[in-house]
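Q: would you be able to build a 3D model of this:
(chains A and B)
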Protein chains: 2
Amino acid sequence: MERVLIKDIKDYIGQDVLIKGFVHVLRDQNKIAFIIMRDITGQVQCVVLKDCVDFTKIKEISEESVLEIIGFVKEEKQAPGGFEIETKTINILSLANPELPIPINSKKGGEETNSSTRLDYRWLDLRKPEKANIFKTWTALEKGFRDYLYSANYLQVYTPSFMNSASETGAEVFEVKYFEKKAYLAQSPQFYKQMAIASGLDRVFITGPVFRAELSFTTRHLTEFSGWDFEIGFVNSHYDIMDEEEKMIKAGFTELKNILPELEIPAIPFPRITLKEAKDKLKAGGLDAGDDTDLNPEEERTLCEIIKKETDSDFVFVCDYPISKRPFYHMRHENNPELTKSADLLYRGIEITTLAQREHRFPKLMEQAKEKRMDLETLTDYLNFFKYGCPPHGGGGIGLNRLVMKLLDYDNVREVTFLPRDVNRLNP
Amino acid sequence: MERVLIKDIKDYIGQDVLIKGFVHVLRDQNKIAFIIMRDITGQVQCVVLKDCVDFTKIKEISEESVLEIIGFVKEEKQAPGGFEIETKTINILSLANPELPIPINSKKGGEETNSSTRLDYRWLDLRKPEKANIFKTWTALEKGFRDYLYSANYLQVYTPSFMNSASETGAEVFEVKYFEKKAYLAQSPQFYKQMAIASGLDRVFITGPVFRAELSFTTRHLTEFSGWDFEIGFVNSHYDIMDEEEKMIKAGFTELKNILPELEIPAIPFPRITLKEAKDKLKAGGLDAGDDTDLNPEEERTLCEIIKKETDSDFVFVCDYPISKRPFYHMRHENNPELTKSADLLYRGIEITTLAQREHRFPKLMEQAKEKRMDLETLTDYLNFFKYGCPPHGGGGIGLNRLVMKLLDYDNVREVTFLPRDVNRLNP
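A: All right, here's what the predicted structure looks like:
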């Protein structure tokens, strides 16, 4: 007999079905028992009458145990959804210890347990029915991104996590004992995706973990998160990169609408304003943080509120950051060399992307590296990529954890991360 | 003017086009010059006549420089493909140092340079026209895999690289300085994908790097490679896992046929034989390596040759390895507890997958862990996953580097890896 998913049982009224799942709720009333069974697709009530051959098993079964139930689907007005399963046989696949360390089916949704304890028992925390949506969202979003990227002839590459030097700053990089040497974990696939362009691969995307050894304890930072990076050859400016990113995001949201029917698919192009314009809007709105070279988290939130009011967009590109706040490899505006051809993408109050056109001309890149007092020796491998011809290019990376957090209205990236890792958390 | 990809120029005969790419070959004959331009899609000959406004730029240009060329497409019987571009303007985007460290357009294909030097200049090595196929293959294969997995309701999860203990053996694990503690890099997402099943996610797949600190210097081993893992809940046996893997591979090959038209899409089911049957076939074929508990690389090669002759299949599942060669968490056959419900998938002479049904029953799992003298303390987090109910489940992982190597007939996984990492190589 083939398994029927719980969402499909409604098509089997008047027939026998085999279902498999977890015991969400068990009510044993001695002469009759009710089991609410749960699988990834939904829940259904199974009634077990005293004359069922497996009625005696009810005493053994605990909530969260895993069962196979065969039974007859019949209409029942009292039952949730208007039908229930009259149980014929019960096969116990795995018994749960009856003392659950965190509640799963409580009326408060189990969220009354503090976050740290819930994360200690993450595999139980994720059983709560609404949490499956987190991974359905990740999966659909990525499917949509890929639909666009495949259609636009991007190639996927896998860039290494191991680097031979602590790139860029040297700070915030994890060190690995690598046989007799030291290696470092890549903070981003940045250098390697630029190499893909120097290799003539034209346009690439990269998914994989990125590692940040930041001593951060915020709701937005993890030591390991999932990066979605892309790099595009033969661009004319950072505007081309924004064009691509918003098409990708739109495709992701379009796919996601299958899971989240209330979701609005964003209109493109997204609003684009310069950092200077953003600062002017904030000042006009009464917020003056003093620093004209960057946006702090509060400014990001307020700016998004202003843009939402003005344009109804949840997204906004903030462009043209000053060179002081951007790495040496960002290309600079020809007509204003104090500004980089870069942008941040903000979504519902939080930065989810930094993108830029890169400086691909070797002499110019060397000059900018020296000006920023970079250690040229550490950068040798990177700088070499530009010696033998390299197309003009640029790209960015999307922090998927943050995007999913905002999409599903959680207030901490940990809540949407399968197994978060931070300064204090390395388990389970 | 919009860029035209070189493969599409044939549709523009009699028109002007803008192309962008690398100078593959430059022949300067003083009164006329020929530039063979290369992009990710192909090559085209551009003729530059003395009366071209940019003719003087020819002296500046070196091979592998990056150009934009606008010109008129005209039929020319002498030219490769029957047409060429009569150059109107040349825009130099990036000049290559004329001393290339490795040849790119040599008649021998540049492969006369030894592999280590080529890998030192990987971004030049990858410019050789045939090498773009490597990443087209990876991309198409993954797209095909995903087509199947999405259609079969798998969810994607990203499992962490950081672990708090050196799982399984403790050997061959990279150690990371993690603030004041030590962390270890996951050798596989094994434990965490099992956790996904214990979380009720039903069926999942995971892509990402896996890390092996093996002191191996073979053509098949890297310290970091791209894993494609999947785990399936509510399986009845390891045969269910084989069923799923072969459907996924078939879908991958079907997509790949768009890139490699000669490719044969494998018939499913793949041949399945027990390890004992495999050994008997090898002995009958005159190969007796003495060890009846495993296959060595020579036996894997020979077995694949035998199976190919017998069934015309490039794939074969070898099933039911003895418990001595398998980890404690592999489920054992009810009727023969010396054998595990496991299999290796061999493809063209090399193992590309190990799969198994896992032991999901907590008491039985503890028993097997003790029998294998595992350190139960190190395994606490893992063992906890099975205490509160867990569906029967199993899964496997595909080593994509090996699969792509065999698909494209390379003899070393390094050749199909974007930037290989091994005991001696951490750069570029």
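
Q: going forward, measure contacts between C-alpha atoms and count neighbours the same way
A: Will do.

Q: show me where chain A has its helices.
A: A:115-120, A:122-125, A:132-151, A:190-198, A:238-256, A:275-284, A:297-311, A:362-371, A:380-384, A:400-407 (DSSP state H).

Q: for chain B, find the nearest of the ones you listed.
A: Taking Cα to the nearest Cα, helix A:122-125 is the member of the helices of chain A nearest to chain B, at 4.4 Å.

Q: packing partners for that closest one?
A: When contacts are defined as 3 or more Cα pairs under 8 Å, 6 or more residues apart in numbering or on different chains; DSSP states H and E, helix A:122-125 packs onto helix A:115-120, helix B:190-198.

Q: mean pLDDT added to those helices, as TSV?
A: Below are these laid out as TSV (pLDDT from 0 to 100):
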stretch	mean pLDDT
helix A:115-120	93
helix B:190-198	96
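
Q: which of the ones you listed is buried the deepest?
A: With neighbours defined as mean count of other Cα atoms under 10 Å in any protein chain shown, the helices and strands packed on helix A:122-125 peak in mean count at helix B:190-198, which reaches a mean of 25.

Q: ok, residues contacting it?
A: Here helix B:190-198 makes contact (Cα atoms under 8 Å, 6 or more residues apart in numbering or on different chains) with A:123-124, B:159-160, B:202-206, B:230-233, B:382, B:385-386, B:389-391, B:393-394.

Q: and for stretch A:29-49?
A: Under Cα under 8 Å, 6+ apart, the answer for stretch A:29-49 is A:5-7, A:20-28, A:50, A:55, A:58, A:79-80, A:83-88, A:129, A:132, B:200-202.

Q: report the buried residues of it.
A: Residues A:33-40, A:43-49 are the ones in stretch A:29-49 that count as buried (16 or more other Cα atoms under 10 Å in any protein chain shown).

Q: let me know how buried A:V235 is, in neighbour terms.
A: 17 (other Cα atoms under 10 Å in any protein chain shown).

Q: grab the nearest non-local neighbour of A:Y178.
A: The spatial neighbour of A:Y178 that comes closest, neighbours along the chain excluded (Cα to Cα, 6 or more residues apart in numbering or on different chains), is B:F174 at 6.9 Å.

Q: right, and that neighbour touches B:Y184 too?
A: Yes. At 5.6 Å, B:F174 counts as touching B:Y184 under the criterion of Cα atoms under 8 Å.

Q: which among the helices and strands packed on helix A:122-125 is found nearest to A:L141?
A: Smallest distance to A:L141 across those (Cα to Cα): 19.2 Å, for helix B:190-198.

Q: check contacts around the closest residue to chain B within the stretch 1-150 of chain A.
A: Per Cα to the nearest Cα, A:A96 is where the stretch 1-150 of chain A lies closest to chain B, at 3.8 Å. Taking Cα under 8 Å, 6+ apart as the criterion, A:A96 is in contact with A:61-66, B:387-390.

Q: so which of these comes closest to B:K74?
A: Of all the contacts of A:A96, B:C390 has the smallest distance to B:K74: 67.8 Å, by Cα to Cα.

Q: dump the helices and strands packed on helix A:122-125 to a markdown table, plus distance to B:N335.
A: A markdown table is the format used below for the helices and strands packed on helix A:122-125 (distance: least, Cα to Cα, whole Å):
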| stretch | distance to B:N335 |
| --- | --- |
| helix A:115-120 | 38 |
| helix B:190-198 | 25 |
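
Q: A:H238: which of those is closest?
A: helix B:190-198 (38.6 Å).

Q: mind saving the C-alpha coords of that closest one as CSV?
A: C-alpha atoms of helix B:190-198 as CSV (Å, rounded to 0.1, in the frame of the first residue of the first chain):
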residue,chain,number,x,y,z
GLN,B,190,25.5,13.2,7.4
PHE,B,191,24.5,13.9,11.0
TYR,B,192,22.7,17.1,10.2
LYS,B,193,20.7,15.7,7.3
GLN,B,194,19.6,12.9,9.6
MET,B,195,18.6,15.6,12.0
ALA,B,196,16.4,17.1,9.2
ILE,B,197,14.5,13.8,9.1
ALA,B,198,14.2,13.8,12.9
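
Q: in the sheet, who's paired with the closest residue to chain B within the stretch 301-428 of chain A?
A: Evaluated by Cα to the nearest Cα, the stretch 301-428 of chain A has A:Y388 as its residue closest to chain B, separated by 3.8 Å. In this structure, A:Y388 bridges to B:A96 when assessed by DSSP bridges.

Q: neighbours of it, how many?
A: Neighbourhood size, A:Y388 [other Cα under 10 Å]: 23.

Q: can you tell me which residues contact it?
A: So A:Y388 contacts B:64-65, B:95-98, B:100 (Cα under 8 Å, 6+ apart).

Q: chain A: which of the residues you listed is nearest?
A: Nearest to chain A among these, with distances taken as Cα to the nearest Cα, is B:A96, at 3.8 Å.

Q: okay, the closest one and B:E64: tell me how far apart.
A: Distance check for B:A96 against B:E64: by Cα to Cα, to the nearest Å, it reads 6 Å.

Q: domains of chain A?
A: A:6-99, A:130-416 (automatic domain parsing).

Q: endpoints of the shortest one, how far apart?
A: When you say that, I think you mean domain A:6-99. Domain A:6-99: ends 26 Å apart by Cα to Cα.

Q: and that domain, how far from the chain's centre?
A: Centre-to-centre, domain A:6-99 and its host chain are 34 Å apart (Cα atoms, centre = their mean, to the nearest Å).

Q: which bits of the stretch 201-350 of chain A sit near chain B?
A: A:201-202, A:207-209, A:213, A:224, A:226, A:234 (Cα under 8 Å from any Cα of the partner chain).

Q: just the ones of the residues you listed in strands?
A: Per DSSP state E, strands hold the following members of those: A:207-209, A:224, A:226.

Q: residues near the residue in the stretch 201-350 of chain A that chain B sits nearest to, how many?
A: Nearest residue of the stretch 201-350 of chain A to chain B (Cα to the nearest Cα) works out as A:G208 at 5.6 Å. A:G208 has 21 neighbouring residues, counting by other Cα under 10 Å.

Q: now for it: which residues touch it?
A: A:158, A:226-228, B:207-209.

Q: which intervals of the stretch 301-428 of chain A have sub-threshold pLDDT?
A: Judged against pLDDT under 70, the stretch 301-428 of chain A has no low-scoring part.

Q: quick one: the strands in it?
A: A:315-319, A:332-333, A:336-340, A:342-347, A:350-357, A:393-399 (DSSP state E, counting those that start in this stretch).

Q: need these in JSON lines (columns: mean neighbour count).
A: Listed next are the strands of the stretch 301-428 of chain A as JSON lines, based on neighbours: other Cα atoms under 10 Å in any protein chain shown:
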{"stretch": "strand A:315-319", "mean neighbour count": "25"}
{"stretch": "strand A:332-333", "mean neighbour count": "18"}
{"stretch": "strand A:336-340", "mean neighbour count": "17"}
{"stretch": "strand A:342-347", "mean neighbour count": "24"}
{"stretch": "strand A:350-357", "mean neighbour count": "24"}
{"stretch": "strand A:393-399", "mean neighbour count": "25"}
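
Q: kindly reformat these as TSV and extend each row with distance to A:F179.
A: Below are the strands of the stretch 301-428 of chain A laid out as TSV (distance: least, Cα to Cα, whole Å):
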stretch	distance to A:F179
strand A:315-319	44
strand A:332-333	41
strand A:336-340	40
strand A:342-347	39
strand A:350-357	35
strand A:393-399	31
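
Q: tell me which of the ones you listed lies nearest to B:E371.
A: strand A:393-399 (43.9 Å).

Q: show me what that closest one pairs with in its sheet, parallel or antiparallel.
A: Strand pairing (DSSP bridges) places strand A:393-399 next to strand A:224-233 (antiparallel), strand A:350-357 (antiparallel).

Q: quick one: the last one to strand A:336-340, angle?
A: Strand A:350-357 and strand A:336-340 meet at an angle of 140 degrees, taking axes from the mean of the first three to the mean of the last three Cα atoms, to 10 degrees as the criterion.

Q: equivalent analysis for the longest one, please.
A: Counting by the same axes, to 10 degrees, strand A:224-233 points 140 degrees away from the direction of strand A:336-340.
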